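K.L.:
give the three-dimensional model of this entry:
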Amino acid sequence: MANNNNSKIGGIPAALLAIIIGIGLLWFNEGNNVKNIKAIAEARKNVIQVSSQTIDSANEGALIATFGKLNVLSD
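P.N.:
Here you go, the predicted model:
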């Protein structure tokens, strides 16, 4: 009987360690999510919509969103 109680008590530190690691991983994940949300918000403010028909060198290095017809060539 004593051996059975020791094995149950031994699980307490493992459970506490698992909880601490889980909290750390959740903190890390939420931090990354906040960074991604801020990056997307900034990109939405700075994006320039251009047509795919013409190329304008003034947009060189800028974040652009293009639209137009897509033609796929197959061999």
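
K.L.:
can you list the weak-confidence ranges in the protein?
P.N.:
Counting by pLDDT under 70, the chain has low-confidence residues at 1-7, 75.

K.L.:
which parts of it are strands?
P.N.:
48-51, 64-67 (DSSP state E).

K.L.:
now the last one, how far from the centre of its chain.
P.N.:
Which is strand 64-67. 23 Å (Cα atoms, centre = their mean, to the nearest Å).

K.L.:
show me what it packs onto, helices and strands only.
P.N.:
Applying 3 or more Cβ pairs under 8 Å, 6 or more residues apart in numbering; DSSP states H and E, one finds that strand 64-67 contacts strand 48-51. Heads up, the C-betas are built off the backbone N, CA and C, glycines and all.

K.L.:
can you pull out the helices in the chain?
P.N.:
2-46 (DSSP state H).

K.L.:
may I see the buried residues of stretch 41-51?
P.N.:
Applying a neighbour-count criterion of 16 or more other Cβ atoms under 10 Å, one finds V50 buried in stretch 41-51.

K.L.:
quick check: end-to-end length of that stretch?
P.N.:
Using Cα to Cα, to the nearest Å, the end-to-end distance of stretch 41-51 comes to 22 Å.

K.L.:
could you do stretch 42-57 as well?
P.N.:
Rule used - Cα to Cα; the end-to-end distance of stretch 42-57 is 23 Å.

K.L.:
among the strands of the chain, which is nearest I12?
P.N.:
strand 64-67 (54.4 Å; Cβ to Cβ).

K.L.:
could you spell out the sheet neighbours of that closest one, each with its direction?
P.N.:
In the sheet, strand 64-67 lines up against strand 48-51 (parallel) (DSSP bridges).
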